[in-house]
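# whatever this is, show me its structure:
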Amino acid sequence: MLLIRNADTFAPRPLGLRNLLLGGGRILWVGAPSELPDLPAALRAASRTIDLEGRRLIPGLIDGHVHVTGGGGEAGFRTRVPPVPLTRFTASGITTVIGLLGTDDVARTTRDLVATVHALREEGLNAWAYTGGYHLPPMTLTGSVRGDLVFIEPLLGVGEVALSDHRSSQPTLDEILRLAADAHVAGLMTGKAGVLHLHMGDGKRGLELVRRAIAETELPPRVFNPTHVNRRRALFDEAVALAKSGCTVDITAFPVAEGEDAYSAADALRRYVDSGAPAERVTVSSDAGGCLPCFDADGRVCRMDVGAAGALLGTIRVLLAAGLPLERVLPAFTVNPARLLRLAGKGEIAVGGDADLVALDAKDGAHTVIIRGIVHVQDGAPVRRGTFEA
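As a prediction, this is how the structure comes out:
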């Protein structure tokens with residue numbers, strides 16, 4: 001049992017100062033700061049209390065695009081990024097991750113991905129994954145996409161399948177439709193998200209295949225989930241139009257240089273909100289652990305960076321500094337990905353919901369992080385670490 005007192009609560013809507021009781025991994029009670037839950041004396045005495053002293057309390061961040069096994073490999077085996085340790089997520093306010101494979105879906109496998117997801121779960125993080133990777137035929141565990149989604153519990157959809165990118169398999173419309181149909185049908189059978197998570201490169205074709213898939217078939221638009229849509233400004237405009245037709249689009253919090261033909265995550269989200277597109281159809285992810293390469297005219301890596309989990313809170317910090325209210329910013333990092341991925345009990349602060357919570361400090365960093373009722377970060381420092389972290 002954990003009692004949280006004096007929390008300025010955003011659920012994501014602002015609730016004002018609240019006390020919360022957590023137990024069994026869930027939020028059991030929410031009340032006014034003058035109230036306390038009605039508990040037997042012995043249970044009350046055994047409960048731990050954290051007084052947040054008016055700090056803002058938000059739902060735990062959901063990062064829908066993470067290379068939990070490490071990404072990279074585009075410039076040789078030495079450029080394979082190591083797996084991301086637990087505290088990189090928790091110290092960044094992330095309580096749920098969705099793992100995936102990228103360019104390297106040969107040396108890295110779905111088997112390895114699922115094992116890493118289970119390891120993160122054992123260390124206390126909420127974790128799921130996508131089957132497949134950049135290329136077709138997709139890397140699977142059971143031999144088929146539908147088999148993976150039906151029989152492998154942590155697998156929620158297919159991704160990240162590369163489009164409009166020189167590293168892709170150059171898939172045809174028919175191939176994309178078969179993948180999307182398999183994801184959709186498996187989602188119907190299991191209640192899972194059943195989405196096709198699409199890596200968008202900077203090619204001129206942009207989202208053409210997705211537009212055709214929606215226009216020419218009976219598949220619902222929600223099945224198609226393009227990511228990295230802010231990597232080119234024209235691509236972002238396409239994505240906003242696609243969101244108006246029913247797709248959820250994902251903005252990536254990667255670094256953007258001044259003058260680059262791209263939008264930062266903060267700029268993209270602000271533009272999306274101002275566009276009039278459905279507020280619930282946009283998410284922001286970090287690409288943590290993924291290689292962020294720059295290629296020359298011959299398609300060779302000329303430099304690279306690595307995605308960072310801290311980019312999500314960094315984006316929130318920029319948006320708040322620009323004057324956007326917290327309740328307007330939060331949905332893209334919390335309730336929207338929870339809705340897309342059908343993660344019941346996550347993304348909101350409500351009685352009966354999962355006790356995944358983050359208290360922000362005065363500089364919009366993670367002061368306290370709680371995952372399923374267990375404290376992982378307190379006073380800005382991790383109190384639980386991964387198995388192989390110092």
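
# any low-confidence regions in the stretch 201-350 of the chain?
The stretch 201-350 of the chain contains residues with pLDDT under 70 at 293, 295-296, 302.

# break down it into its helices, ranges please.
When assigned using DSSP state H, counting those that start in this stretch, the helices of the stretch 201-350 of the chain occupy the ranges 208-216, 233-244, 265-275, 311-321, 326-329, 335-340.

# for these, which one sits closest to residue 62?
Minimum separation from residue 62 across the helices of the stretch 201-350 of the chain (Cβ to Cβ) falls at helix 335-340, 4.2 Å. C-beta: built from backbone N, CA, C; applies to glycine.

# tell me the first helix or strand C-terminal of that closest one.
strand 357-360 (DSSP states H and E).

# make a markdown table from the helices of the stretch 201-350 of the chain and add mean neighbour count and distance to residue 50 to it.
Supplementary listing: the helices of the stretch 201-350 of the chain in a markdown table, determined by neighbours: other Cβ atoms under 10 Å; distance: least, Cβ to Cβ, whole Å:
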| stretch | mean neighbour count | distance to residue 50 |
| --- | --- | --- |
| helix 208-216 | 17 | 45 |
| helix 233-244 | 19 | 38 |
| helix 265-275 | 20 | 30 |
| helix 311-321 | 21 | 20 |
| helix 326-329 | 18 | 20 |
| helix 335-340 | 24 | 24 |
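
# take these and lay them out in JSON lines including distance to residue 119.
Shown next, in JSON lines, are the helices of the stretch 201-350 of the chain (distance: least, Cβ to Cβ, whole Å):
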{"stretch": "helix 208-216", "distance to residue 119": "33"}
{"stretch": "helix 233-244", "distance to residue 119": "33"}
{"stretch": "helix 265-275", "distance to residue 119": "28"}
{"stretch": "helix 311-321", "distance to residue 119": "22"}
{"stretch": "helix 326-329", "distance to residue 119": "31"}
{"stretch": "helix 335-340", "distance to residue 119": "22"}
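
# residue 371: which of those is closest?
The stretch from these with the least distance to residue 371 (Cβ to Cβ) is helix 335-340; that distance is 14.5 Å.

# and that closest one, what does it pack onto?
For helix 335-340, the contact count by 3 or more Cβ pairs under 8 Å, 6 or more residues apart in numbering; DSSP states H and E identifies strand 61-66, strand 282-285 as packing neighbours.

# the first one to helix 311-321, inter-axis angle?
Using axes from the mean of the first three to the mean of the last three Cα atoms, to 10 degrees, the interaxial angle of strand 61-66 with respect to helix 311-321 works out to 130 degrees.

# which secondary structure elements does strand 61-66 sit against?
Packing contacts for strand 61-66, counted by 3+ Cβ pairs under 8 Å, 6+ apart, involve strand 94-99, strand 249-252, strand 282-285, helix 311-321, helix 335-340.

# which elements pack onto the first one?
It stands for strand 94-99. Under the contact criterion of 3+ Cβ pairs under 8 Å, 6+ apart, strand 94-99 touches strand 61-66, helix 110-122, strand 126-131, strand 366-371.

# out of those, which gets nearest to residue 277?
When the helices and strands packed on strand 94-99 are compared for distance to residue 277 using Cβ to Cβ, the nearest one is strand 61-66, at 18.0 Å.

# leaving out the residues flanking it, which one is nearest to residue 320?
For residue 320, the nearest residue in space outside its immediate sequence neighbours is residue 364; the separation is 5.9 Å by Cβ to Cβ, 6 or more residues apart in numbering.

# touching, the one you found and residue 316? I think so.
Yes. Taking contact to mean Cβ atoms under 8 Å, the distance of 6.2 Å between residue 364 and residue 316 places them in contact.

# between the helices and strands packed on strand 61-66, which one is closest to residue 38.
Distances from residue 38 to each of those were compared using Cβ to Cβ; the shortest belongs to strand 94-99, at 28.2 Å.

# give me the domain ranges for the chain.
The chain breaks down into these structural domains: 2-58+347-382, 60-340 (assignment by automatic domain parsing).

# quick check, the residue nearest to residue 320 in a helix?
No. Membership of residue 364 in a helix is not supported by DSSP: H, G, I helix; E, B strand; the rest coil, which gives coil.
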